[in-house]
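Chemist: I need the structure of the sequence given here:
(2 chains)
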Amino acid sequence: MAGELKVLTANLGMKGTTEIDAVMRRGAYEALIKAMTRMTPDQVLGEVKAANLKGRGGAGFPAGLKWSFLPKGKDKTRYLVCNADESEPGTFKDRLLIENDPHKVLEGIIIAGYATQSAGCFIYIRGEMPQGARVLQRAVNQAYDRHFLGKNILGSGLDFDIWVARGAGAYICGEETALMNSLEGKRGEPRIKPPFPAGYGVYGKPSNINNVETYANVPAIIEKGADWYNSIGSADTPGTRLFGVCGHVKNPGLFELPSTVTLRELIYGHAGGILGDRKLKAVIPGGSSVPVLRADQIDVTMDSAGLKAVGSMPGSGGVIVMNDSVCMVRALHNLMRFYAHESCGQCTPCREGTHWLELLSGAIERGEGREGDADKILSLSKNIMGRTICPLGDAAAMPAESFVRQFREEFEFHIREKRCLPETMRMTTIYSA
Amino acid sequence: MALILVDGKEIAVKQGETVLQACMREGIEIPYFCYHPSLSIVGQCRMCLVKVEGAPKLLTACTTTVPELPREKKLDGRYDMKVSVACDEAREAQRGIMEFLLANHPLDCPVCDQAGECRLQEYSYDYGAPRSEFVFEKLHAPKRVVLGPHIIYDAERCIKCTRCVRFCQEITKTSELSLVERGADTIVGTFEGGSLDNPYSVCTADLCPVGALTYREFRFRERVWFLQAHNSVCPECSRNCSVRVDSYKGEVLRIVPRYNPSVNGYYMCDHGRLITERMRGLETRELPSLIRDGKPSPMNEKDFYARLVALFSEKKYRPGDVAVILSGRMSLEEMAAYKRLSKELFGAVIGDVLLRSGESDDLLVRDEKRPNLEGARKLGLPVSGKDEAVSSLIGGKKALLIIREDPVGEAPQEERERLDTAIGSVETVVVMDDHLTATAARAHYFVPLAGWFEMEGTTVNFKGQLQKTTRCVAPPEGRKPFHDVTAEFLKAAGKEAPSGFREWFEEVKKEIPVLGLVKAGEIPLKGIPLPERKEKHG
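Modeler: Numbers count the residues shown, from 1 in each chain, chains lettered A, B, ... in the order given. Coordinates of the predicted model:
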């Protein structure tokens, strides 16, 4: 088993890493100084492009390419946005980065600001992370004191500010355009695209939005170069990735690994195997929104090619492990409650479809399922999939569709027998054999 | 200009136009709820999903524009896009959206005012599944929510298309409405303590594609399929909004704006729309009447006009002895008729059309509160200035004729006293109006006229657009348009006179030569723009 490779998480677990002096002794802001004093913005952009840094928010869009979509020219106000609204069930990587090493994130943002010659960055942090918001604001203040933020940073001519804004408790505000509406004080509803944020973003200005982890990757790329970055991980997702493993594992937590790691290594190696030494039943490999895998589908690498081969995707890197005590119907109902609760309600398929899926999965779970209900879940998913304004509809439809497809017999058993599979009866505690 | 192929039909798409707009223009139906040509495009209802060749998923026709492809990339060497509305995939999506929209919809069509003109109902028939597979208890949401003085909201019927929300944000710019709550609990609401109270609020009920927004003045009045529609013009200001008047059994039940890009666009103000509410219950008479001490006693028409003619020929009033107050509420035909009558009676055209002005806004409402002041100017009738007190027109006259105006009822207190004195000292006072006004109570002779929606006529709005209003409901026999009263009068005096709207319209044409070739029956629904007058009014 390959060991962890600590690039992003090098400072995690150390003392005092939220203080700028402490992290600067460990090399923080050196990449920023290198970029701003020895490189042109285009060189920085070129390096990030060459590194093929893939977005870590879930969609995996190349970050350098996204930056280059921002219109050039001095006269236009451009903004960066850092998406710290991490709310995907099973995902907790950004929170750990922010709370433990905020300067790594800020450094990446300021370098991106230099590369794109932007006016500033809004960090939109999930409302339920008050500690993270406090740590970030403190770190931002420290960066201002050191003149890594403000006017004419390091004599580069760049004026760059960072504003920390807190969300108010909506999963949908992690969607980039809903986030922008929320930032502007509007109802957190996704906008229709086009126009894309690169043309019409925050306050109508050209904007670039990346995930916390994406920005945190930037300093190491600048410091060590694109070639070094490409030497780690797989061709489609170079560099290290943060995998948060939760659920029925003995050693849950955050692991930084190249995406060439297999799902089996992640679960049985790094995460210490299945809780209660029971059988593995199912894994959701990239946050609750991606299709679920069965126990026999875990011998794949954690990059997009590997997971695509078994019909799933890397998503946000949150790995949810379920042992054989889990009733898949109940697990799906739990997820559907979440998506129905978080749907913003503006477009029909998501608003009505998630609600229906919640009711339908709940009915099956309670023993009120009717013949044909499993197929109804499939047809409802199909009616949502690809037909909504934003990906929340897909995010609800993908687990619904995959749960039924992968565990069809269990759904049919539930409908027929009006109860859970014997080993998943509710009385069975999940923590023991 | 791009060329697209929609299910085998070629359509040219203009720069910036969406697939939905192009298809609507060409009469190809794509179902939609949230799109409205005057509002921003939000793509929320997802009803207009269509298959676009080469796109990985279905696209909403309302948001899809067509970029022009370079020659070598054109599909089939010709098209910039190939679209299908009728393919199985698109049909399945349309059926899917209908299934979702109806899942929690109460299906209370039998008691819903929108039934019969409801998009949800129509599309359910055209695109929906024959039965619902939603077996759960429907979500309950607030009903009979009073959003404002006119609008009542039923959240269960609402499909959250946000047309009403966008109307208040983008058209009236008052932003009273917003979606509140989220997911399936989403409803339309006002901010706490707020109210949907703007001068155009009832337009939200027009915009609502379902029965979620209704207005007090019409809800539960009548099933819409019994209504008879008539094209007319709103008489409440010089905008002359094109309207459709819906009547049933001789009563006007509803007035809705009729799309007319050169007059009012899609909307009208609440004040104009609710005019019939204010007219309801006004006292009137079916026959001409003599008035003694404020009390009318009806007379047979023939005797009445004979008596009036005898009076005028006996008194031999000269133009200087007579004050005539005319109204911008008179149609062009009535004004032309008055000119003829005035020449016959007094040997000259005398009289003033009262200028009545009030508040205006930058949307539709104009400051001139009469529909046909511009028509009066076109016919050369003097429109009296803003500050001119009516009493000063009457002072020292022997005879007074007031047509379709109520100067006493509308006068401020001070002026009212002066008016009372002035009218009291006039020997002969004749008032003609569609109801018994405060002024009529002070007259000696009252002639009941047909009301605005009871007669045919033409008007000219502030921009010079000539429109025709039709007879939406029939008045009782004795109440006639003023031009027919004129005809009675002239007949009684033994003179020839045109009769009816069509013949009097020919008289109008003599004064507005540009109308030369227009026939009364062929005035287009959107009206006819008349050239500007040479001299500007102040």
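
Chemist: so is B:Val245 in a helix, a strand, or just coil?
Modeler: strand (DSSP: H, G, I helix; E, B strand; the rest coil).

Chemist: Same question for A:Leu380.
Modeler: Classification of A:Leu380 by three-state DSSP places it in helix.

Chemist: who's in contact with the longest strand belonging to chain A?
Modeler: If you go by DSSP state E, chain A has its longest strand at strand A:240-247. Strand A:240-247 is contacted by residues A:5-9, A:56, A:90-93, A:96-97, A:213, A:232-233, A:251-259, A:261, A:266-267, A:270-271, A:275, A:302, A:314, A:317-322 when judged by C-beta atoms under 8 Å, 6 or more residues apart in numbering or on different chains. All C-beta spots, glycine's among them, are computed from the backbone N, C-alpha and C.

Chemist: Kindly recompute the last result at 7 Å.
Modeler: The contact list for strand A:240-247 (C-beta atoms under 7 Å, 6 or more residues apart in numbering or on different chains) reads A:5, A:7-8, A:90-93, A:213, A:232-233, A:252-259, A:266-267, A:271, A:302, A:317-322.

Chemist: Which members of those residues are positioned in helices?
Modeler: Counting by DSSP state H, the part of the contacts of strand A:240-247 found in helices is A:Lys93, A:Glu213.

Chemist: Assign the residue in the stretch 151-300 of chain A that chain B sits nearest to to one of the three secondary structure states.
Modeler: In the stretch 151-300 of chain A, no residue comes nearer to chain B than A:Ile192, which is 4.5 Å away by C-beta to the nearest C-beta. The three-state assignment at A:Ile192 reads coil, by three-state DSSP.

Chemist: So it is in contact with B:Thr63, correct?
Modeler: Yes - with contact defined as C-beta atoms under 7 Å, A:Ile192 counts as touching B:Thr63 (5.5 Å).

Chemist: Quick check: neighbours shared by the two?
Modeler: Common neighbours of A:Ile192 and B:Thr63 (C-beta under 7 Å, 6+ apart) are B:Gly43.

Chemist: so what's the closest residue in space to A:Ile209 that isn't next to it in sequence up against?
Modeler: The spatial neighbour of A:Ile209 that comes closest, neighbours along the chain excluded (C-beta to C-beta, 6 or more residues apart in numbering or on different chains), is A:Val81 at 4.0 Å. By C-beta under 7 Å, 6+ apart, the contact set of A:Val81 is A:Cys121, A:Phe122, A:Tyr124, A:Leu179, A:Met180, A:Val202, A:Ser207, A:Ile209.

Chemist: Not counting sequence-adjacent ones, nearest residue to the first one?
Modeler: Nearest residue to A:Cys121, sequence neighbours excluded (C-beta to C-beta, 6+ apart): A:Leu80, at 3.9 Å.

Chemist: Please apply the same query to the fifth one.
Modeler: Across the structure, with C-beta to C-beta, 6+ apart as the measure, the residue nearest A:Met180 apart from its sequence neighbours is A:Val202 (4.9 Å).

Chemist: how much space between the residue nearest the centre of chain B and B:Ala229?
Modeler: In chain B, the residue lying closest to the centroid (C-alpha atoms, centre = their mean) is B:Val243, at 2.9 Å. Here B:Val243 is placed at a distance of 10 Å from B:Ala229 (C-beta to C-beta, to the nearest Å).

Chemist: any idea where the helices of the stretch 201-350 of chain A begin and end?
Modeler: A:212-224, A:226-230, A:263-264, A:304-309, A:328-342, A:348-365 (DSSP state H, counting those that start in this stretch).

Chemist: Contacts for the fifth one next, please.
Modeler: Helix A:328-342 is touched from outside by A:89, A:170-172, A:282, A:288, A:322, A:354-355, A:357-358, A:361-362, A:364-365, A:392, A:395-396, A:399-400, A:403, A:407, A:410-411, A:414, B:183-184, with contacts defined as C-beta under 7 Å, 6+ apart.

Chemist: Export only the CA atoms of the strand or helix carrying the residue nearest to A:Cys121, formatted as CSV.
Modeler: According to DSSP states H and E, A:Leu80 maps onto strand A:79-84. Extracted as CSV, the C-alpha positions of strand A:79-84 are listed here (Å, rounded to 0.1, in the frame of the first residue of the first chain):
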residue,chain,number,x,y,z
TYR,A,79,-13.4,38.6,-9.2
LEU,A,80,-12.4,35.3,-7.9
VAL,A,81,-14.7,33.3,-5.7
CYS,A,82,-13.6,30.6,-3.3
ASN,A,83,-16.3,28.0,-2.8
ALA,A,84,-16.0,27.0,0.8
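
Chemist: Look up how far B:Ile171 lies from the residue nearest to B:Thr421 when sequence neighbours are not counted.
Modeler: Spatial nearest neighbour of B:Thr421, excluding adjacent residues (C-beta to C-beta, 6+ apart): B:Ser391 at 7.8 Å. Relative to B:Ile171, B:Ser391 is positioned 41 Å away (criterion: C-beta to C-beta).

Chemist: follow-up on the earlier one: I'd like the helices of the stretch 201-350 of chain A as a markdown table, with mean neighbour count appended.
Modeler: Converted to a markdown table, the helices of the stretch 201-350 of chain A look like this (neighbours: other C-beta atoms under 10 Å in any protein chain shown):
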| stretch | mean neighbour count |
| --- | --- |
| helix A:212-224 | 26 |
| helix A:226-230 | 17 |
| helix A:263-264 | 20 |
| helix A:304-309 | 17 |
| helix A:328-342 | 23 |
| helix A:348-365 | 27 |
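
Chemist: Could you provide those in CSV, with additional columns for mean pLDDT?
Modeler: Listed next are the helices of the stretch 201-350 of chain A as CSV, based on pLDDT from 0 to 100:
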stretch, mean pLDDT
helix A:212-224, 97
helix A:226-230, 96
helix A:263-264, 97
helix A:304-309, 95
helix A:328-342, 97
helix A:348-365, 97
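
Chemist: how about JSON lines for those, with distance to B:Tyr123 added?
Modeler: Listed next are the helices of the stretch 201-350 of chain A as JSON lines, based on distance: least, C-beta to C-beta, whole Å:
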{"stretch": "helix A:212-224", "distance to B:Tyr123": "43"}
{"stretch": "helix A:226-230", "distance to B:Tyr123": "53"}
{"stretch": "helix A:263-264", "distance to B:Tyr123": "46"}
{"stretch": "helix A:304-309", "distance to B:Tyr123": "38"}
{"stretch": "helix A:328-342", "distance to B:Tyr123": "25"}
{"stretch": "helix A:348-365", "distance to B:Tyr123": "12"}
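
Chemist: so where do the strands sit in the stretch 51-200 of chain B?
Modeler: B:59-60, B:81-84, B:145-146, B:151-153, B:177-180, B:187-190 (DSSP state E, counting those that start in this stretch).

Chemist: ugh, typo on my part, it should be chain A
Modeler: Counting by DSSP E, the strands of chain A are A:79-84, A:120-125, A:161-166, A:207-211, A:240-247, A:253-258, A:280-284, A:293-294, A:318-323.

Chemist: List only buried entries from the contacts of strand A:240-247.
Modeler: Buried members of the contacts of strand A:240-247, scored by 16 or more other C-beta atoms under 10 Å in any protein chain shown, are A:5, A:7-8, A:90-93, A:213, A:232-233, A:252, A:254-259, A:266-267, A:271, A:302, A:317-322.

Chemist: on that earlier part again, what sits against the residue nearest to A:Cys121?
Modeler: Contacts of A:Leu80 (C-beta under 7 Å, 6+ apart): A:Ile109, A:Ala112, A:Gly113, A:Thr116, A:Ser118, A:Cys121, A:Asn208.

Chemist: quick one: which of the residues you listed is nearest chain B?
Modeler: A:Asn208 (22.9 Å).

Chemist: OK, contacts around that closest one?
Modeler: Contacts of A:Asn208 by C-beta under 7 Å, 6+ apart are A:Lys66, A:Trp67, A:Leu70, A:Leu80, A:Thr116, A:Pro197, A:Ala198.

Chemist: possible to save those residues as CSV with pLDDT?
Modeler: Conversion of those to CSV gives the following (pLDDT from 0 to 100):
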residue, pLDDT
A:Lys66, 97
A:Trp67, 97
A:Leu70, 94
A:Leu80, 98
A:Thr116, 96
A:Pro197, 96
A:Ala198, 95
